[in-house]
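In: 3D, please:
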Amino acid sequence: MTISIHVSKSRLMKVISIIEKELERIKIKQKEVKRQLHYYEEKYQTPTSELLKALKGEKEWTLPEDADMDVIEWEALAKLYNKLVEEEKELKEILKELS
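Out: Presented below is the predicted three-dimensional model:
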């Protein structure tokens, strides 16, 4: 279903500007989260994708002692990164429709 809304050019430009700023914020956050993910990947010599498979039971992985809190944070960072990627994708689609 398509809905048409008539707005002034200045308001449309304002909306586009807000979306572009949000995309910039998301990119910055993605870089920060990716850096943190890389830290855990290096520390445990395991890609994040492998950690997620292990947590789903799709792969066996023995955790080092005292890694519980790291794994919890690592998984949360991975979920946050995926959420940011989805938000970026959605906003880019909206921006494309508005332009």
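In: lowest average confidence, helix or strand, in this structure?
Out: Every helix and strand of the chain was ranked by mean pLDDT, DSSP states H and E. The lowest is helix 48-55, at a mean of 93.
In: what's in contact with it?
Out: Helix 48-55 is contacted from outside by L37, Y40, E41, Y44, K59, E60, W61, V71, W74, E75, A78, using CB atoms under 8 Å, 6 or more residues apart in numbering. C-beta: built from backbone N, CA, C; applies to glycine.
In: Give the buried residues for that helix.
Out: Buried positions in helix 48-55, judged by neighbour count with 16 or more other CB atoms under 10 Å: T48, L51, L52, A54.
In: So A78 sits against Q36, correct?
Out: No - at 9.9 Å, A78 and Q36 do not qualify as touching, with contact defined as CB atoms under 8 Å.
In: re the thing from before, okay, the least confident helix or strand of the chain in CSV with CA atoms only?
Out: In CSV, the C-alpha atoms belonging to helix 48-55 read as follows (Å, rounded to 0.1, in the frame of the first residue of the first chain):
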residue,chain,number,x,y,z
THR,A,48,31.8,-13.3,16.3
SER,A,49,29.8,-15.4,13.9
GLU,A,50,31.3,-18.5,15.5
LEU,A,51,30.4,-17.3,19.0
LEU,A,52,26.8,-16.8,17.9
LYS,A,53,26.7,-20.3,16.3
ALA,A,54,28.0,-21.8,19.6
LEU,A,55,25.4,-19.9,21.6
